[in-house]
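Participant: sequence first, predicted model second:
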Amino acid sequence: MIKYGMASSWTGRRVRLRAIEPDDWTAFTHFADDDGRGSRLDLPRSAESYRAWAKERSVAKCDDDRFRLAVETTATGELVGTVGSHRTGPRSGWFEFDVMIGADHRRKGYASEALVLLLRFMFAERRYHKCLAAVFADNEASLELTRRLGFTEEGRLREHVFFAGRHHDLVMMGMLADEFGRRHTMGEP
């Protein structure tokens with residue numbers, strides 16, 4: 001059972017989740033240099049592509065509970081990353097999340113608090129039953145984050161993703177709504 005409190009749905013102690021605004025594009029250009037995926041090599045993007053992406057996201061509709069929110073600090077209002085639900089199975093009651101915190105802002109608790117806010121919304125307001133996370137097996141920081149939040153390893157897709165010249169395992173982590181409710185209250189991140 002999920003316990004409810006009086007905190008703002010989108011604001012924790014360290015972070016606030018908000019819609020992406022068109023002017024956020026400049027921060028995203030800095031995050032692209034180190035997106036936390038290790039040695040994955042993506043094609044370079046132009047400043048105009050970031051501008052267009054941010055403008056598109058700022059007016060995007062929530063499609064089947066798939067969305068991306070900006071993560072900003074409550075202390076300064078600085079944009080430090082994003083969090084969102086990127087795949088959903090509404091009929092079965094599951095969703096997948098992703099979180100990206102810029103390299104200069106990691107290890108400050110922003111990702112964990114942003115995820116707790118997202119999980120509260122998806123479990124309590126959208127009535128999802130399960131959350132999944134697909135994590136690269138060599139991404140110890142993300143594996144530790146999900147474990148610390150109460151996720152359980154449910155399986156491993158061996159040599160599932162190719163980048164940096166080799167195949168990598170993908171670890172599937174999962175958490176049920178009642179497991180979240182036992183570990184986290186609705187009022188405190």
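Facilitator: The structure has been received and is ready for your questions. Residues are numbered from 1 along each chain as shown.
Participant: for the rest of this, base every contact and every neighbour count on C-alpha atoms.
Facilitator: Will do.
Participant: which residue sits closest to the one residue sitting closest to the centre of the chain, ignoring its sequence neighbours?
Facilitator: By C-alpha atoms, centre = their mean, the chain has its centre lying nearest to residue 99, at 2.5 Å. Excluding its sequence neighbours, the residue lying closest to residue 99 (C-alpha to C-alpha, 6 or more residues apart in numbering) is residue 83, at 4.3 Å.
Participant: ok, now which ones touch the one you found?
Facilitator: Each residue near residue 83 by C-alpha atoms under 8 Å, 6 or more residues apart in numbering is listed here: 68, 69, 70, 71, 97, 98, 99, 100, 114, 115, 118.
Participant: let's see 10 Å
Facilitator: 17-18, 67-71, 97-101, 111, 114-115, 117-118 (C-alpha atoms under 10 Å, 6 or more residues apart in numbering).
Participant: for beta bridges, what are the partners of it?
Facilitator: Residue 83 has the following beta-bridge partners by DSSP bridges: residue 69, residue 99.
Participant: roughly how far apart are it and residue 159?
Facilitator: Using C-alpha to C-alpha, to the nearest Å, residue 83 is found at 26 Å from residue 159.
Participant: got the phi/psi numbers for the spatially most distant residue from the centre of the chain?
Facilitator: Largest separation from the mean C-alpha position in the chain: residue 165, at 26.3 Å (C-alpha atoms, centre = their mean). In terms of degrees, to the nearest 10, the main-chain angles of residue 165 are phi 80, psi 10.
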